[in-house]
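**Q** pasting the sequence and the predicted coordinates here, then a few questions.
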Amino acid sequence: MSRWLADSLRIACAPGEVALRRTRGTPASRTLTTDDRNAASLLPLLEEALADSNWHARRVEVVISQRLVRHVLTPAPGKTLSRAEERALVIGSLRNIYGDEALQWQVQIMSQPPQHGLIGAAMDATFIEQLGELLKRHGFQNIAIRPLASVAAHHLPRQYSGWWVLAEPGWVSVLGGTTHHWQHVAAMPADTDWLAGLPDLIKRETEMTTASLPAAVWIQPVGLGAVSAPIATSTRWQVLPHNSQASGALAMLEL
């Protein structure tokens with residue numbers, strides 16, 4: 001088997017930035033930027049990067065920043081649903097929040113026990129379709145496109161119960177639940193003082209949920225430098241291991 005067939009490539013897409021990292025060979029990584037912040041502006045950057053045959057591989061995983069993803073937790077269906085019924089429930093929940101714009105999104109669904117809602121991750125369908133076509137044109141045969149949260153979740157403890165904060169520059173995702181199911185999902189823009197405001201944020205989300213969760217928080221910073229746990233005696237704070245030197249989209253590929 002030739003080396004490029006055995007190799008694989010990871011790509012991170014964030015507003016204004018694309019990063020590439022290969023599992024072996026040179027160059028090991030590359031980052032390209034644009035002043036535009038919309039998802040479509042990332043496609044020309046990838047086209048430029050992949051024109052270099054050094055990035056060719058059979059397998060590619062694309063990690064999408066949470067800033068380009070919208071999550072939803074549906075009402076509990078109370079019974080096992082077919083895939084079509086799951087999709088309809090997730091789309092309906094997204095539409096209730098975001099309006100008819102949600103009908104233009106591509107949705108990935110995570111099933112949960114019937115007594116808990118479904119998790120939906122929505123991304124712009126046109127962007128995802130064009131991204132897939134671009135990758136196929138460049139010879140990729142095995143393509144996976146995933147929201148950052150679905151990749152980062154693998155770094156949570158084997159057993160956990162409480163809150164998970166996934167923080168990127170300019171955005172914070174907050175999920176509450178246990179190893180077995182999620183019970184609360186929220187996300188919001190964040191400024192540079194996001195860490196100082198985290199205790200109040202967790203308090204607010206705790207008051208908004210009907211779930212009874214322990215006062216334990218796992219913080220997962222991505223591209224934010226060194227992060228220390230807040231000082232709050234009523235909550236058990238833990239910062240998950242992270243590369244404090246990695247920044248931007250390239251930090252998403254450290255996971």
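**A** Ah, there it is.

**Q** and the helices in the stretch 151-255 of the chain, which stretches?
**A** Under the criterion DSSP state H, counting those that start in this stretch, the stretch 151-255 of the chain carries helices at the ranges 198-208, 248-252.

**Q** also the stretch 1-150 of the chain?
**A** When assigned using DSSP H, counting those that start in this stretch, the helices of the stretch 1-150 of the chain occupy the ranges 3-6, 42-50, 83-98, 125-137, 148-152.

**Q** got the buried residues for the last one?
**A** Along helix 148-152, these residues count as buried under the neighbour rule (16 or more other CB atoms under 10 Å): Leu148, Ala149, Ser150, Val151, Ala152. To be clear about C-beta, it is placed using only N, CA and C from the backbone, and glycine gets the same treatment.

**Q** just give me the neighbour total for the nearest residue to Lys136 once chain neighbours are set aside.
**A** Of all residues beyond its chain neighbours, the one nearest Lys136 is Ile143 (7.3 Å), with distances taken as CB to CB, 6 or more residues apart in numbering. Look at Ile143: counted by other CB atoms under 10 Å, it has 14 neighbours.

**Q** how much space between Ile143 and Val72?
**A** When CB to CB, to the nearest Å is the yardstick, Ile143 and Val72 sit 25 Å from each other.

**Q** where does Ala246 fall, phi/psi-wise?
**A** The phi and psi values for Ala246, taken as degrees, to the nearest 10, are phi -80, psi 140.

**Q** need the contact list for the residue lying closest to it once chain neighbours are set aside.
**A** The shortest distance from Ala246 to any non-neighbouring residue, by CB to CB, 6+ apart, is to Glu254 (4.9 Å). Under the criterion of CB atoms under 8 Å, 6 or more residues apart in numbering, the contact partners of Glu254 comprise Val222, His242, Asn243, Ala246.

**Q** do His184 as well
**A** Leu73, Val174, Leu175, Gly176, Gly177, Glu205, Met208, Thr209, Ala211, Leu213.

**Q** hmm, 7 Å instead?
**A** Leu73, Leu175, Gly176, Gly177, Glu205, Thr209, Ala211 (CB atoms under 7 Å, 6 or more residues apart in numbering).

**Q** good, wrapping up.
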